[in-house]
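Chemist: Any chance you could fold what I've pasted below:
(2 chains)
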Amino acid sequence: EPEVTQTPSHQVTQMGQEVILRCVPISNHLYFYWYRQILGQKVEFLVSFYNNEISEKSEIFDDQFSVERPDGSNFTLKIRSTKLEDSAMYFCASSKAGGPSYNEQFFGPGTRLTVL
Amino acid sequence: AQSVTQLGSHVSVSEGALVLLRCNYSSSVPPYLFWYVQYPNQGLQLLLKYTSAATLVKGINGFEAEFKKSETSFHLTKPSAHMSDAAEYFCAVSNNNAGNMLTFGGGTRLMVKP
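Modeler: Take a look at the predicted model:
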């Protein structure tokens, strides 16, 4: 069964460093998403991406964040200068199409980011 | 704006007992509602979804949920709990624009006692 994969499973970085979190969405999916979950808090939407551009982003997704689909398979989230409060589990998701009727988002296992 | 409230961050039931996980939502537009389950060290898996068709929705693993507009609720139930149901359950609401953003509740950890 096809699944969303994410690497690494755990990333430790120093405050101020850049990190890139990687995701491989399901191959025939067209919409891609990043969510995060700070320990003990809700899963929060960061950004959705379609046709090589951002469809929607939340207030959390400020200038230090960027997303890219560098090739036909990967989808990345870059945090330019990490802060302590960026420590969280980051989930990638993908869906076949947009619109809620078809919007079953398939989630990856997550990358736990720890900023020291 | 939309939001989701899950009453009870932890629910404990005995094996074979009824499972009831509560979800209330607020949405300025007709909502689309989802329940996801997360097993340890795994991603979120869709259990079921409501997309304005039947108000009683059946999902995987024997779970179902009923959309009640008057109560703004979408509670998740299962008649008989199994040990393998122990996990964290998230209710989510989707907006209707192309961004497909999901807004999640805080999650409910279900524990099943033998």
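Chemist: Break down chain A into its strands, ranges please.
Modeler: A:5-7, A:10-13, A:19-24, A:31-37, A:43-50, A:53-57, A:65-68, A:75-79, A:88-95, A:106-107, A:111-115 (DSSP state E).
Chemist: Can you list the neighbours in contact with the shortest one?
Modeler: For strand A:106-107, the surrounding residues in contact (CB atoms under 8 Å, 6 or more residues apart in numbering or on different chains) are A:3-4, A:25-26, A:29, A:35, A:91-95, B:36, B:43-46. For every residue, glycine as well, the C-beta is placed using N, CA and C.
Chemist: Filter the residues you listed down to the buried ones and hand me the ChimeraX line.
Modeler: Listed next is the ChimeraX selection for buried residues among the contacts of strand A:106-107, using 16 or more other CB atoms under 10 Å in any protein chain shown:
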select /A:4,25,26,29,35,91,92,93,94,95 /B:36,43,44,46
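Chemist: which among the contacts of strand A:106-107 gets closest to residue B:2?
Modeler: Nearest to residue B:2 among the contacts of strand A:106-107, counting by CB to CB, is residue A:35 at 15.2 Å.
Chemist: what's the neighbour count on residue 80?
Modeler: No chain in the question, so chain A it is. Residue A:80 has 12 neighbouring residues, counting by other CB atoms under 10 Å in any protein chain shown.
Chemist: wrong chain, I was asking about chain B
Modeler: If we define neighbours as other CB under 10 Å, then residue B:80 has 12 of them.
Chemist: swap in residue B:83?
Modeler: 10.
Chemist: Tell me who's in contact with it.
Modeler: So residue B:83 contacts B:15, B:112, B:114 (CB under 8 Å, 6+ apart).
Chemist: Tabulate the residues you listed (JSON lines), appending secondary structure.
Modeler: Listed next are the contacts of residue B:83 as JSON lines, based on DSSP: H, G, I helix; E, B strand; the rest coil:
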{"residue": "B:15", "secondary structure": "coil"}
{"residue": "B:112", "secondary structure": "strand"}
{"residue": "B:114", "secondary structure": "coil"}
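Chemist: Sort out which residues of stretch B:95-110 are buried, please.
Modeler: B:95-96, B:99-108, B:110.
Chemist: and those as CSV, adding secondary structure?
Modeler: As requested, these are arranged in CSV below (three-state DSSP):
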residue, secondary structure
B:95, coil
B:96, coil
B:99, coil
B:100, coil
B:101, coil
B:102, strand
B:103, strand
B:104, strand
B:105, coil
B:106, coil
B:107, coil
B:108, strand
B:110, strand
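Chemist: Going by secondary structure, the residue nearest the centre of chain B is in what exactly?
Modeler: Residue closest to the mean C-alpha point of chain B, counted by CA atoms, centre = their mean, is residue B:35 at 3.4 Å. Using DSSP states H and E, residue B:35 sits in strand B:32-38.
Chemist: tell me the mean pLDDT over that strand?
Modeler: Taken as a whole, strand B:32-38 has a mean pLDDT of 93.
Chemist: what packs against it?
Modeler: Other elements packing on strand B:32-38 under the criterion 3 or more CB pairs under 8 Å, 6 or more residues apart in numbering or on different chains; DSSP states H and E are strand B:44-50, strand B:64-68, strand B:73-78, strand B:87-94.
Chemist: Let me know which of those is tucked in deepest.
Modeler: strand B:87-94 (a mean of 24; mean count of other CB atoms under 10 Å in any protein chain shown).
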